[in-house]
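Enquirer: Here you go, sequence then predicted model.
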Amino acid sequence: MGIKYSNKINKIRTFALSLIFVGFIVMYGGIFFRSSVWLMTIFMLLGLLCIVASTGVYFWIGMLSTKAVQVTCPTCQKQTKMLGRVDMCMYCNEPLTLDQSLEGKQFDEKYNRKKQKES
Ligand SMILES: [Zn+2]
């Protein structure tokens, strides 16, 4: 198959976590520009911005989680949350769908998007 899908909420959570790391790395990078107060300030602000953004993303996950549908995964029997018409189980990556017409079809994330293309 090649393409690895994962649960959307988990994916966003990973993104938020990596934003924090990027923020710290950028802030740390500012140390190398100590000679220039301006450059250091810009790095510090950029790093801070990443961390603030990740807080926003975490908040967004919280909002999404309340809207997510809780289902019991038929494969691992665990409670998982799904977003959209198709999503993957958080634990075993089993493709799940709420749409009866898509049941049994090959999993494809594009079922979630009708018009926009993946960027
Ligand atoms: Zn599962």
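Expert: Sure, I can see it.
Enquirer: The closest residue to Asp99 other than its chain neighbours - how many residues pack around it?
Expert: Excluding its sequence neighbours, the residue lying closest to Asp99 (Cβ to Cβ, 6 or more residues apart in numbering) is Arg85, at 4.7 Å. Every C-beta, even on glycine, is put in place using the N, C-alpha and C of the backbone. By other Cβ atoms under 10 Å, 13 other residues sit near Arg85.
Enquirer: Most distant residue from the centre of this protein?
Expert: Here the chain reaches farthest from its C-alpha mean at Ser35, the gap being 36.9 Å by Cα atoms, centre = their mean.
Enquirer: backbone phi and psi for the residue nearest to Asp99, please?
Expert: phi -80, psi -30 (degrees, to the nearest 10).
Enquirer: Also the one 3 residues further on?
Expert: Per-residue torsions, Met88: phi -110, psi 150 (degrees, to the nearest 10).
Enquirer: So what sits opposite it in the bridge?
Expert: Per DSSP bridges, residues listed as beta-bridge partners of Met88: Pro95.
Enquirer: my guess is it meets Tyr5, correct?
Expert: Yes: using Cβ atoms under 8 Å, Met88 is in contact with Tyr5, at 5.2 Å.
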